[in-house]
Every structure is written in structure tokens, then in C-alpha cells.
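Novice: requesting a structural model of the entry that follows:
(one chain, ligands or ions: 1)
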Amino acid sequence: MTQVIAIDGPSASGKSTVAKAVAKRLGFFYVDSGSIYRGITWHALENEVDIHDADAVIQNTRSADWVFRAEQNVAVFSINGYTPTDELRTARLSEAVSDVASMPKVRAFVNDRLRELTGLGSLTIDGRDIGSVVFPDTPYKFYLDADPAERAQRRYRELVETGEAEKAQEVLESLKRRDAKDSSREEAPLKVADGAYVINSTSMTIDEVVQAVIDKVEGDLR
Ligand code: C5P
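Specialist: Predicted coordinates for the structure are as follows:
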């Protein structure tokens, strides 16, 4: 039977690193649901669509050819034959994505794609509403959190590694705006799903968080 492990939480809580590692250890496919929202936003910006016009955004999204496939144990997608990667992480896109993700029809489009991906096999998905909305019946729901100062530190360390430390203030302000929008929107806001296992990773290493998730999943499977 295909299983879904949902890992939700705010930005820079370590979700993607943990979800990827858990997927690898359990032989599941890793799905980054945020990358689909980013892909929709990127495609809209590329076509100079007004990203505040929900009808235009959804029309632009639906009229593109989306192809999802598995690469190693990661689900990836192309839009009209192109697979965007670094383009999905620009400051401009990160600033715009939460507005696009607040549109109900955009969310329905993404949710349909995520549910179809169970056709690949068992999945570990990170996001904001995977346990609360997309797969509410999965027994494997996690909410990963960390204190805001620690999350800011983690993002800062990433920026130092990529030689962009001077952007720290700007990036952190943008991240705060995104978290505020994601938590306060009407449709599928970021929240702890019913029955989710909350892990505060502030003083934990990545390996400890991964192990905590695996112990819980394996304990429930037993
Ligand atoms: O995970 P990531 O930070 O890349 O997600 C980018 C944005 O996509 C989030 O800030 C949020 O607005 C949106 N998102 C969402 N629901 C998800 C995953 C991401 O609304 N399940």
C-alpha cells in the first residue's frame, strides 16, 4: 500500500532536508510541494502575467504542459518541456509566491498534482498544508518547527555558504513576510494538522530530527 508522510512547518524549519533524508532512508519518493507553487509563479512571471490576477494565473498554469517524473527518489516536473531549478529561488520569486499560493484555484491545481503523484509509490512530502488539507487521512503527519531566531540563523548560514551573506537582512525580512502571509491566509493556512506529531528542532541536529520521524513512522507501522 502506498504511504504518505506529511512534513509541514514554517520556512527554514529544516523540512526539506529532513523530508529528503527520510524519503531516502525509507525508499520513498521525496516531493517538494513548495517547488510546484514556485513553478506556477515562475511560469506566470515568465509570461508577464499579473500575479495578483487569480484568473490569469490559473489560466496560464492550466494551459501549460506539466510533466511529473521521478529522478532517483525525487519527484521533479517540467513546464512546457523545461525544468526550472535555480530560477525558482530568486528573491523576486520568493516575494511573489505566497500571493500566488493564496489563490484557491492554484491550491486545487497543486493538490490534484500531489494526489496523482501517489501513482509513483510512497511519498514524503514537505509543505504547509500536506497533513491538514492534501492528505488529511494519512497517519504520518509531522509539524516541524524551530524558534524564529534559530530559523534565521540557519538561513543566514546558508547565505554565508553561497557567498550572499550581505543579503541576510533582506532575505530574513522577506522570509518573515512570507511566513506571515502563509499563516494568515484564508485558504489552507500554515497550522498544526489534527493528529500531527510536533517536533521542535531548535536544539536538535538534522540527524536527530530524521531519526525522530523514522522512529515514529516505524513505531506506528509495527
Ligand atoms: O517550501 P517553500 O518555502 O519553497 O514554499 C514556497 C511557498 O509556497 C510558501 O511560502 C507558501 O506560500 C507556498 N506553499 C504553500 N503550501 C505548500 C507548500 C508551499 O502554500 N504545501
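
Novice: what about the strands in this structure?
Specialist: 4-8, 29-32, 66-71, 74-79, 123-127, 140-145, 197-200 (DSSP state E).

Novice: to Arg107, which of the ones you listed lies closest?
Specialist: strand 123-127 (10.7 Å; C-beta to C-beta). Just so you know, the C-beta spots here come from the backbone N, C-alpha and C atoms, and that holds for glycine as well.

Novice: so which elements touch the closest one?
Specialist: Counting contacts by 3 or more C-beta pairs under 8 Å, 6 or more residues apart in numbering; DSSP states H and E, strand 123-127 packs against strand 4-8, helix 15-26, strand 29-32, helix 33-46.

Novice: nearest to the ligand, of the strands of the chain?
Specialist: Proximity to the ligand, assessed across these by C-beta to the nearest ligand atom, is greatest for strand 123-127 (2.5 Å).

Novice: the closest one to strand 4-8, inter-axis angle?
Specialist: With axes from the mean of the first three to the mean of the last three C-alpha atoms, to 10 degrees applied, the angle from strand 123-127 to strand 4-8 works out at 20 degrees.

Novice: quick one: strands adjacent to strand 123-127?
Specialist: Sheet pairing here is set by DSSP bridges, and for strand 123-127 it gives strand 4-8 (parallel), strand 29-32 (parallel).

Novice: turn those into a markdown table, columns for distance to the ligand and mean neighbour count.
Specialist: Formatted as a markdown table, the strands paired with strand 123-127 follow (distance: least, C-beta to the nearest ligand atom, whole Å; neighbours: other C-beta atoms under 10 Å):
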| stretch | distance to the ligand | mean neighbour count |
| --- | --- | --- |
| strand 4-8 | 7 | 27 |
| strand 29-32 | 7 | 22 |
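
Novice: quick one, which of those strands gets closest to Asp179.
Specialist: Evaluated over these, closeness to Asp179 peaks at strand 4-8, with 12.7 Å, by C-beta to C-beta.

Novice: show me what contacts Glu161?
Specialist: Going by C-beta atoms under 8 Å, 6 or more residues apart in numbering, Glu161 touches no other residue.

Novice: ok, which of the strands of the chain comes nearest Ser98?
Specialist: Relative to Ser98, the nearest member of the strands of the chain by C-beta to C-beta is strand 123-127, separated by 12.9 Å.

Novice: tabulate the strands paired with strand 123-127 (TSV), appending mean pLDDT.
Specialist: Formatted as TSV, those follow (pLDDT from 0 to 100):
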stretch	mean pLDDT
strand 4-8	98
strand 29-32	98
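
Novice: can you tell me how far Ser33 is from the ligand?
Specialist: From Ser33 across to the ligand, the span is 4 Å (C-beta to the nearest ligand atom, to the nearest Å).

Novice: got the residues of this structure near the ligand?
Specialist: 11, 33-34, 37-38, 97-98, 101, 127-130, 178, 182 (C-beta under 6 Å from any ligand atom).

Novice: go again with 5 Å.
Specialist: Proximity of the chain to the ligand, by C-beta under 5 Å from any ligand atom, involves residues 11, 33-34, 37, 97-98, 101, 127-129, 178, 182.

Novice: cool, thanks, signing off.
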